[in-house]
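[1] Provided below for reference: sequence and predicted model.
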Amino acid sequence: MAELNSNIPAGPLKDKWTNHKNNIRLVNPANKRGIDVIVIGTGLAGGAAAATLAELGYKVKAFCFQDSPRRAHSIAAQGGINAAKNYQGDGDSIYRLFYDTVKGGDYRSRESNSWRLAEVSANIIDQCVAQGVPFAREYGGLLDNRSFGGVLVSRTFYAKGQTGQQLLLGAYAAMNRQIGKGKIEMYNRHEMLDVVIVNGKARGIIARDLVTGKIERHGAHAVVVGSGGYGNVFFLSTNAMGSNGSAAWKIHKKGAYFANPCYTQIHPTCIPVSGDHQSKLTLMSESLRNDGRIWVPKKMEDVEAIRNKTKKPVDIPHEDRDYYLERRYPSFGNLVPRDVASRAAKERCDAGYGVNATGQAVFLDFASAIERYGKEQAHIQGLDENDKAIVTKLGKQVIANKYGNLFQMYEKIVDQNPYETPMMIYPAVHYTMGGIWVDYNLMTTIPGLYAIGEANFSDHGANRLGASALMQGLADGYFVLPYTIGDYLADEIRTGKISTDTPEFEQAEKDVVERLEKFINNKGTKSVDSFHKRLGHIMWNKVGMARNEKGLTEAIEEIKALREEFWKDVKVPGGRFEYNEELAKAGRVADFLELGELMAKDALVRTESCGGHFREESQSEEGEAQRDDANFFHVAAWEYTGVPSEAILHKEPLAYEEIEVKTRSYK
Amino acid sequence: MDLTLKIWRQKNADDKGKMVDYPVKGISPDMSFLEMLDVLNEELVNKDEEPVAFDHDCREGICGMCSLYINGEPHGPDKGITTCQLHMRHFHDGETIYIEPFRAKAFPIIKDLIVDRSAFDRIQQAGGFISVNTSGNTQDANAIPVNKHDADLAFDNATCIGCGACVAACKNSSAMLFVSAKISQFAALPQGKVEAEKRALDMVHQMDVEGFGNCTNTGACEAECPKGITLSSIATMNREFIKASASTKQ
Ligand SMILES: Cc1cc2nc3c(=O)[nH]c(=O)nc-3n(C[C@H](O)[C@H](O)[C@H](O)COP(=O)(O)OP(=O)(O)OC[C@H]3O[C@@H](n4cnc5c(N)ncnc54)[C@H](O)[C@@H]3O)c2cc1C
Ligand code: SF4
Ligand code: FES
């Protein structure tokens, strides 16, 4: 059993990172050339790490399953990235960003990590701008900011609704520079299928070339996993189709602890499910809540009229609308954090006020913003502020400038024009705050194995505030891991090249091949997707937005049974030595069928509500989440034993030196 | 809707490949084009046949992975979108739809509808970056103000998703639009200026090495680009290239 030591440096919170950097061991540049590092994933975390490690002089091999690093899931992030720059002079500071992060995470994140994240955040923006990332600018040439849910300052940097794309292309460019120099060997269309442990240390991986099907062994002195989140366990989510939990799950099975697996963020503003055929859900950036107002009708007869299309949403007069977020949370209004906004939408829809055919949608309305901006513009341009046509036209232009591509995306999917009629939105699975347990150095419980970005657990607590995942991915990749990994690698300078001809590699390869063969030869009757969809149903209904003891207990049993059926009856056409998407998917779904069970177990044991984890048994009279600090002020880190729901629980106690732990309120 | 799909099937790079007919039934107009293919693939798997291989990931028009040639057009008939954003409401009951891979010498076929676009990566590796260390020692981001017009221009070019539709649409299989997008992004920003000449020369050189054709100003690329990259980017690139070629520094 590995020791759960978070290795948080001593000293005052504000100085921990600086002191740690000053004391950490360095590797001589000449020695770095003899050290190999494998990086799994080329999203913001992996891409930034690969580029920086190569630049420092290590020999890097980077892997991604897409055809190019530029297509990692990070590319899809829309809204923005936070940084404590206080460019707007609205009182922002490292402390405030730290405070909002910890509070937003419902006091379930690691204090030292959250502080470090806030501390390096400003640097990220400088770095990206130097790389040519075209953030939005004001007319004076300075960077523009917007605000996001859960905070009262404007600290979010953005590039229209395509911030993730621009940041990832920045990291991709930094990687390309190193690939061009021969410092990074890039393995596209390769999937890591196992990690190899030699004498207790991570020493390499087994990967499959997805085009030829060939199994490869790669040795290294350290392995870094930046494989992203596992939200696709729910089948329908905002994640890219290929996003999966396999790399994380594989290393968990080899001894890395999995922390807080039940913490799933449900994002409040997604396009609602329209039918059974659906393959994924599309996010509408949270930044829309800066200008959009969320409502449902007050009267049931209006709800019905909208559903059977005898009334349009614009026909409902202002006084008959229930702007429920503004009503319940006057100080944050539409800008409450995601978990709060999601639950409030569910509450209204459960009460029968949902506005689409399935009853699972609320309105996100831009009419007020169009009017407000229109008047402002008319005033600036010296036009008639009372001319409705002019005001609407100008207002729409402002909205189009801010959110044009999101509005276009919505229109393409729903076939309605959101400039004319309110958008319909509903919560959907989005981000997983849980992940591989890591210490302050981002090392897992397996020496030499690191986890970064969405794949680890440490910074966000039970709920992630908007625009902070991009920040964390880049912080880990550019500024944290490249320092902290030196501490471990300093001992490796005399190790020499890692041989892949050892029994450990042999065994790992054999296990991987056996499993692939099993899929190919199984000749069952049901497709991989059919199992994934059934798993998703169980997860959404019983491990979704609201959880209770009965549902979670049932979920564990249902997942077990489904897993058994899967291994008996799954059908994978095609062969092993060819491009075979069904085979790749089968492996990922097999892992989800285990991970889902652990998520349910973690949720069952945590009999409190916190952030994205809402236990129905633990709520206040007004339906707000109720934490239980006396019993759950810890990170739940699970050790694999063979059956996911029988994993062994280890607790990392949480301690806050700098802030007072309070009940979270956004009223 | 009931449709007939004519799909290019090719087992691997060495196989000859052929068009195969597949009828699909009960397609909802709200489905995306890729979801329609999911339905077909599910049927094929259930019949013990190999599903049609096609590239996709984000399904929101941003990763640039999806790449189908639909009825003779990259990304299909609707303008300004990718294949994954195309919805079946653009087709009608009883229609026959031709689905083929992006074709170009520099994009060899991997399987069925999947092609190898790594030539694009190699062009970027030749110079599609600003040479700055990721050390965290960079100067304050607001130290160099950027004119909003320039920032927006850089952004518009930076939105290229590397899908390759421009190459597939071009009768010369030219990669000019793709390459010019990156060159124009950096040409608009102060940070990118220092190595602008070298960048233009190196990227254009690599484009030739990869076997992409030349630009004859047909404009098919611009018409099919899902991200609205314009021919004026190619003009910028040509300007940068000529400037660099004439310069004695190189
Ligand atoms: C629609 C959407 C919008 C978002 N908007 C925002 C936003 O505005 N602001 C914000 O802060 N966050 C946002 N997020 C969250 C954020 O985008 C992600 O949390 C973040 O990008 C994750 O980055 P990552 O580097 O950890 O992983 P990813 O970007 O998911 O990268 C994972 C990488 O791992 C590789 N990989 C995975 N498994 C394997 C394997 N077995 N073998 C080899 N390679 C593997 C993949 O190929 C990929 O390269 C958004 C997310 C979504 C879905
Ligand atoms: S220029 Fe347009 S068509 Fe060409 S790769 Fe970029 S986005 Fe695709
Ligand atoms: S699947 Fe990502 S752009 Fe189409």
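    Sure thing, it's come through. Ligands and ions are numbered 1, 2, ... in the order given.
[2] nearest to ligand 1: which residue in the stretch 301-450 of chain A?
    Closest to ligand 1 within the stretch 301-450 of chain A is A:Tyr431: 5.4 Å, counting by Cβ to the nearest ligand atom. The way it works is simple: take the backbone N, C-alpha and C, and place the C-beta from them, glycine included.
[3] give me the element that residue is part of.
    A:Tyr431 belongs to strand A:423-432 when elements are defined using DSSP states H and E.
[4] for that strand, buried residues please.
    For strand A:423-432, a neighbour-count test (16 or more other Cβ atoms under 10 Å in any protein chain shown) marks A:423-432 as buried.
[5] so which of those is the closest to B:Val45?
    A:Val429 (25.2 Å; Cβ to Cβ).
[6] is it correct that the closest one is in contact with A:Gly231?
    Yes - using Cβ atoms under 8 Å, A:Val429 is in contact with A:Gly231, at 4.9 Å.
[7] shared neighbours, those two?
    Shared contacts of A:Val429 and A:Gly231, defined by Cβ atoms under 8 Å, 6 or more residues apart in numbering or on different chains, are found at A:237-239, A:264.
[8] out of these, which is nearest to ligand 3?
    Sorting those by how near they are to ligand 3, with Cβ to the nearest ligand atom, puts A:Asn239 at the top with 12.0 Å.
[9] give me phi/psi at the nearest residue to B:Arg89 once chain neighbours are set aside?
    Spatially, and ignoring its direct neighbours in sequence, B:Arg89 is nearest to B:Pro29 (3.9 Å; Cβ to Cβ, 6 or more residues apart in numbering or on different chains). Note on B:Pro29: its backbone torsions stand at phi -60, psi -20 [degrees, to the nearest 10].
[10] correct me, but B:Pro29 touches B:His92?
    No - with contact defined as Cβ under 8 Å, B:Pro29 does not reach B:His92; the gap is 9.3 Å.
[11] low-confidence stretches in chain B?
    B:248-250 (pLDDT under 70).
[12] if we go to 90?
    Low-confidence segments of chain B (pLDDT under 90): B:134-137, B:247-250.
[13] for it, what's the longest helix?
    Longest helix in chain B by number of residues, with DSSP state H as the criterion: helix B:231-246.
[14] follow-up on the earlier one: return the residues in contact with the residue of the stretch 301-450 of chain A closest to ligand 1.
    A:229, A:231, A:264-265, A:267, A:454, A:464, A:469 are the contacts of A:Tyr431 under Cβ under 8 Å, 6+ apart.
[15] at 6 Å what do you get?
    By Cβ atoms under 6 Å, 6 or more residues apart in numbering or on different chains, the contact set of A:Tyr431 is A:229, A:265, A:464.
[16] middle-most residue in chain B, spatially?
    B:Cys163 (1.9 Å; Cα atoms, centre = their mean).
[17] quick one on the thing from earlier: and the longest helix of chain B, does that touch ligand 2?
    No - contact of helix B:231-246 with ligand 2 (Cβ under 6 Å from any ligand atom) is absent, the minimum separation being 8.0 Å.
[18] how far off centre is that helix?
    21 Å (Cα atoms, centre = their mean, to the nearest Å).
[19] now swap in stretch B:131-148 and tell me
    The answer for stretch B:131-148 is 29 Å, by Cα atoms, centre = their mean.
[20] does it come close to chain A?
    Yes - Stretch B:131-148 reaches chain A (Cβ under 6 Å from any Cβ of the partner chain) through B:132-134, B:136, B:138, B:140-142, B:145-148.
[21] who touches that stretch?
    A:51-52, A:55, A:123, A:125-127, A:129-131, A:137, A:139, A:141-143, A:174, A:478-479, B:190.
[22] with stretch A:178-196 instead?
    With Cβ under 6 Å, 6+ apart as the criterion, stretch A:178-196 contacts A:40, A:50-51, A:54, A:60-63, A:65, A:67-68, A:202-211, A:223, A:247, A:250-251, A:254, A:504-505, A:508, A:512, B:125.
[23] and the helices in chain B?
    B:33-46, B:118-125, B:148-158, B:165-169, B:176-187, B:196-209, B:220-224, B:231-246.
[24] ignore what I typed, I meant the stretch 201-350 of chain A.
    Taking DSSP state H, counting those that start in this stretch, the helices of the stretch 201-350 of chain A run over residues A:246-253, A:300-307, A:324-328, A:338-350.
[25] quick one, the last one and strand A:423-432 angle?
    For the pair helix A:338-350 and strand A:423-432, the angle between their directions (axes from the mean of the first three to the mean of the last three Cα atoms, to 10 degrees) equals 130 degrees.
[26] returning to what we had before: right, and the helices of the stretch 201-350 of chain A - which one's nearest A:Ala369?
    Across the helices of the stretch 201-350 of chain A, closest to A:Ala369 is helix A:324-328 (Cβ to Cβ), at 13.8 Å.
[27] tell me which residues of the closest one come out buried.
    A:324-325, A:328.
[28] check stretch B:37-50 too.
    So stretch B:37-50, judged by 16+ other Cβ under 10 Å, has buried residues B:37-45, B:50.
[29] rewinding a little: just grab the bridge partners of the residue of the stretch 301-450 of chain A closest to ligand 1 for me.
    Beta bridges link A:Tyr431 to A:Gln265, judged by DSSP bridges.
[30] what's the closest of the helices of the stretch 201-350 of chain A to chain B?
    Nearest to chain B, of all the helices of the stretch 201-350 of chain A, is helix A:246-253, at 15.3 Å by Cβ to the nearest Cβ.
[31] what's in contact with that closest one?
    Against helix A:246-253 from outside (Cβ under 6 Å, 6+ apart): A:40, A:192, A:194-195, A:225, A:227, A:258, A:436, A:455, A:588, A:591, A:595, A:640.
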